[in-house]
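Enquirer: my questions are about this predicted structure, shown below with the sequence.
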Amino acid sequence: MAKDLPKRSENYSEWYNQIVTKADLAEHSSVRGCMVIKPYGYAIWEKMQAALDKMFKDTGHVNAYFPLFVPKSFLEKEEGHAEGFAKECAVVTHYRLKTDPDNKGKLIVDKDAKLEEELIVRPTSEAIIWNTYKGWIQSYRDLPLLINQWANVVRWEMRTRLFLRTTEFLWQEGHTAHATKEEAIIESEKMLGVYTDFAEKFIALPVLKGVKTAHERFAGALETYCIEALMQDGKALQAGTSHFLGQNFAKAFDVKFSSKEGKLDHVWATSWGVTTRLIGALVMAHSDDEGLVLPPMLAPIQAVIIPIYKTEDELKLVSEKALQIKKDLEAKGISVKFDNSDNRSPGWKFAEYEFKGVPVRIAIGPRDMQNGSVELARRDTKTKEVVKQDVLVEKVVGLMKEIQDSLFNKALAFRKESTHSVDTYADFKKAIEKGGFVYAHWDGTSETEEKIKEETKATIRCIPLDAKPESGKCILSGKPSAQRVVFAMAY
RNA sequence: CGGGGUAUAGUGUAAUGGUAGCACGAGUCCUUUGGGAGGAUUUAGUCCCAGUUCGAAUCUGGGUACCCCGACCA
């Protein structure tokens, strides 16, 4: 392997780091904890954005944009929220620099330019948004208010990893206001459903829907819904969250509406988000020891055409055919790259596009010109076949769906074989050691949850929404439990 | 934020305190092209700031960044 990629089985985290950097998705920037998302990685994000944005619009949401800065006093207003985020905030204290009189060419903070009130770089936007919503909502006629924003946020993390956890990251955050509790709960569950559809249909990643325990709940929420995915190393990754915020923010920011009956009441809120972390999930879910594997629905390049030739004449003939194929495929909505660069050998190109996870490769050379064929290779299974040119378009269109489905089914099968149910603490420890999702009974207390985390490092990923009630005994305390919850080692 | 480690050309790596070298890459030219082609030639580097020394990539102090292990987390 010319890229010298470590095997997943030998060093999973190094394998991940190298795929991200060598497939040109992202690199470390010279700013601590921050990454540069490179064009190929950003193209994946743009495809995610396009798909999600449509799903949000289709469910009645509109986009808006709120400021990057949050006055400290706003962040303070919702107590739980403030406590939860205080430890990881970047704070702006001054608004001006000046040249250093003692050190020419250097800039220093101008002490005279201290802000009256510090500004927090948003770790999330509830505070600034609810402060704004106060002016927008007076009547039940203003509700529901269904707004999303695409933005960057900053959370000052101790340890960072490309896409999975960086100091600054990109996301979308939906913030909605409703007249009734029921409607807000329906909204937060609906958006969890949107995330589930997106994960399964686009990322080809099966996810568990559930609610977080009190301990893992979003700061300021009454209920946090989540989708949890399983990565190939057996660790869980939270892929999206949706929060039912109750009236906490409405009360903190005094957002009231008058109902049809003329009664004043605080509105009910939700917020929900997914981040560029999804790109990390995508990499860890499908890629293999040969590099990145992208599901067709999110691949920036869905098919690459590589010409093979010896002479100029051959190149001309092959190019004509290749361009025709490109046009035909594009007419079917498939994004195609024809790589006719002459400074790389075909072999090099094969390896390169394989590493970058392009789902389908079409090679066409003089031999194919004679036979009316092409060589068609798929990235996920690494299989090749020779197909006739006249059925190629149809074949590739079919492959897009086939590869997408196959990736999902493979991930689903992996999750199935990595999911276990246990009834004793000893079995639990063994199962956690092996990795994967572990269903076990839990007595519902934070004490038990924390003790299990201390002893095994496993956390409760979620209380699954679709689980059947099943009475049993808590694996640690032996106290009664009404249903199993999902434990795992997590990112 | 605590413990440990690392920092040399675009990348990866060498160099007892004494001429900074090698490979890959990149540029140019020629031959090549059905699974990471070959030759010729050119290119470029000691993380930053101090200190010790006749002399520092090498020793000392400080800074910064990255990696690993913990605590925190989308």
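Expert: Looks like it came in fine. Numbers count the residues shown, from 1 in each chain, chains lettered A, B, ... in the order given.
Enquirer: residues from the stretch 151-300 of chain A in reach of RNA strand B?
Expert: A:155, A:157-161, A:164-167, A:169, A:216, A:218, A:238, A:241, A:275-277 (C-beta under 7 Å from any atom of the strand). Every C-beta, even on glycine, is put in place using the N, C-alpha and C of the backbone.
Enquirer: check the model's average confidence along stretch A:186-196 for me.
Expert: Stretch A:186-196 carries an average pLDDT of 98.
Enquirer: how about stretch A:159-173?
Expert: 90.
Enquirer: can I get it in CSV, CA atoms only?
Expert: C-alpha atoms of stretch A:159-173 as CSV (Å, rounded to 0.1, in the frame of the first residue of the first chain):
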residue,chain,number,x,y,z
ARG,A,159,-8.4,16.8,23.4
THR,A,160,-9.3,17.1,19.8
ARG,A,161,-9.6,14.8,16.9
LEU,A,162,-10.3,15.7,13.3
PHE,A,163,-14.1,15.9,12.7
LEU,A,164,-14.9,14.0,15.9
ARG,A,165,-14.0,16.7,18.3
THR,A,166,-12.5,20.0,17.4
THR,A,167,-12.5,23.4,19.2
GLU,A,168,-14.5,25.0,16.3
PHE,A,169,-17.0,22.9,14.4
LEU,A,170,-19.8,23.4,11.8
TRP,A,171,-23.3,22.4,12.5
GLN,A,172,-26.9,23.2,12.1
GLU,A,173,-29.1,24.1,15.0
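Enquirer: what residue ranges in chain A are flagged as low confidence?
Expert: Along chain A, segments meeting pLDDT under 70 span A:1-3, A:103-105.
Enquirer: could you chop it up by domain?
Expert: For chain A, automatic domain parsing gives the domain ranges A:12-69+A:129-286, A:303-399, A:419-488.
Enquirer: quick revisit: just the buried residues of the residues of the stretch 151-300 of chain A next to RNA strand B.
Expert: A:155, A:160-161, A:164-167, A:169, A:216, A:218, A:238, A:241, A:275-277 (16 or more other C-beta atoms under 10 Å).
Enquirer: I'd like to know which of those residues are part of helices.
Expert: Within those, residues falling in helices by DSSP state H are A:Arg277.
Enquirer: wait, which of the buried ones among the residues of the stretch 151-300 of chain A next to RNA strand B is closest to A:Leu97?
Expert: Nearest to A:Leu97 out of these is A:Thr167 (C-beta to C-beta; 21.5 Å).
Enquirer: the closest one: what's it in contact with?
Expert: Applying C-beta atoms under 8 Å, 6 or more residues apart in numbering, we find A:Thr167 in contact with A:Val31, A:Arg32, A:Gly33, A:Cys34, A:Val154, A:Arg155, A:Trp156, A:Glu157, A:Thr160.
Enquirer: how about those, which pair is most distant?
Expert: Longest distance between any two of the contacts of A:Thr167 is 14.4 Å, between A:Val31 and A:Arg155; criterion C-beta to C-beta.
Enquirer: rewinding a little: most tightly packed of the domains of chain A?
Expert: Compared across the domains of chain A, domain A:12-69+A:129-286 shows the largest average neighbour count, a mean of 19 (mean count of other C-beta atoms under 10 Å).
Enquirer: for RNA strand B, what are the nearby residues on the stretch 351-491 of chain A?
Expert: Within the stretch 351-491 of chain A, the residues that sit near RNA strand B (C-beta under 7 Å from any atom of the strand) are A:351-352, A:354-355, A:361, A:363-369, A:374-375, A:377, A:384, A:457, A:490-491.
Enquirer: which ones among those map onto strands?
Expert: A:Arg361, A:Ala363, A:Ile364, A:Val374, A:Glu375, A:Ala377, A:Lys384 (DSSP state E).
Enquirer: who does the last one form a beta bridge with?
Expert: The reference is to A:Lys384. Beta-bridge pairing of A:Lys384 under DSSP bridges involves A:Ala377.
Enquirer: swap in the second one?
Expert: For A:Ala363, the residues forming beta bridges with it (DSSP bridges) are A:Ile306, A:Glu375.
Enquirer: what number of residues lie near A:Ala299?
Expert: A:Ala299: 25 surrounding residues under other C-beta atoms under 10 Å.
Enquirer: so A:Asp289 touches A:Leu5, yeah?
Expert: Yes - if you go by C-beta atoms under 8 Å, A:Asp289 and A:Leu5 touch, sitting 6.5 Å apart.
Enquirer: neighbour-wise, which of the two wins?
Expert: A:Leu5 (20 against 13).
Enquirer: how far away from the center of its chain is the host helix or strand of A:Leu392?
Expert: A:Leu392 is part of helix A:389-417 when elements are defined by DSSP states H and E. Here the centre of helix A:389-417 is set off from its chain's centre by 22 Å, with C-alpha atoms, centre = their mean, to the nearest Å.
Enquirer: for it, which helices and strands make contact with it?
Expert: strand A:223-230, helix A:277-286, helix A:312-331, strand A:360-364, strand A:373-378 (3 or more C-beta pairs under 8 Å, 6 or more residues apart in numbering; DSSP states H and E).
Enquirer: now the ones you listed in a markdown table, with distance to A:Asp100?
Expert: Shown next, in a markdown table, are the helices and strands packed on helix A:389-417 (distance: least, C-beta to C-beta, whole Å):
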| stretch | distance to A:Asp100 |
| --- | --- |
| strand A:223-230 | 47 |
| helix A:277-286 | 40 |
| helix A:312-331 | 57 |
| strand A:360-364 | 57 |
| strand A:373-378 | 60 |
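Enquirer: looking at those, spot the one closest to A:Ile301.
Expert: Of these, nearest to A:Ile301 by C-beta to C-beta is strand A:360-364, at 9.4 Å.
Enquirer: what angle separates the helix or strand harbouring A:Trp348 from strand A:360-364?
Expert: Element membership for A:Trp348, per DSSP H and E: helix A:346-355. Per axes from the mean of the first three to the mean of the last three C-alpha atoms, to 10 degrees, the angle that helix A:346-355 makes with strand A:360-364 is 170 degrees.
Enquirer: what's in contact with helix A:346-355?
Expert: A:2-3, A:5, A:22-23, A:290-292, A:301, A:304, A:306-308, A:339, A:341, A:344, A:361, A:363, A:377, A:379, A:382.
Enquirer: try 6 Å
Expert: Residues outside helix A:346-355 that contact it (C-beta atoms under 6 Å, 6 or more residues apart in numbering) are A:Lys3, A:Ala23, A:Glu290, A:Gly291, A:Val304, A:Ile306, A:Ile308, A:Asp339, A:Arg361.
Enquirer: and if you look at stretch A:120-140?
Expert: Stretch A:120-140 is contacted by residues A:66-68, A:70, A:72, A:74-75, A:85, A:89-91, A:153-155, A:173, A:175, A:177, A:179, A:249, A:253, A:255, A:257-260 when judged by C-beta under 6 Å, 6+ apart.
Enquirer: go with 7 Å
Expert: Contacts with stretch A:120-140, where a contact means C-beta atoms under 7 Å, 6 or more residues apart in numbering, come from A:66-70, A:72, A:74-75, A:77, A:81, A:85, A:88-92, A:142-143, A:145, A:149, A:153-155, A:173, A:175, A:177, A:179, A:220, A:249, A:252-255, A:257-260, A:267, A:271.
Enquirer: for it, measure first residue to last.
Expert: End-to-end distance for stretch A:120-140, by C-alpha to C-alpha, to the nearest Å: 32 Å.
Enquirer: now do the same contact list for A:His81.
Expert: If you count contacts by C-beta under 7 Å, 6+ apart, A:His81 has them with A:Glu126, A:Ala219, A:Gly220.
Enquirer: pretty sure the last one is in a helix, no?
Expert: Right, the one you point to is A:Gly220. No - counting by DSSP: H, G, I helix; E, B strand; the rest coil, A:Gly220 is not part of a helix but coil.
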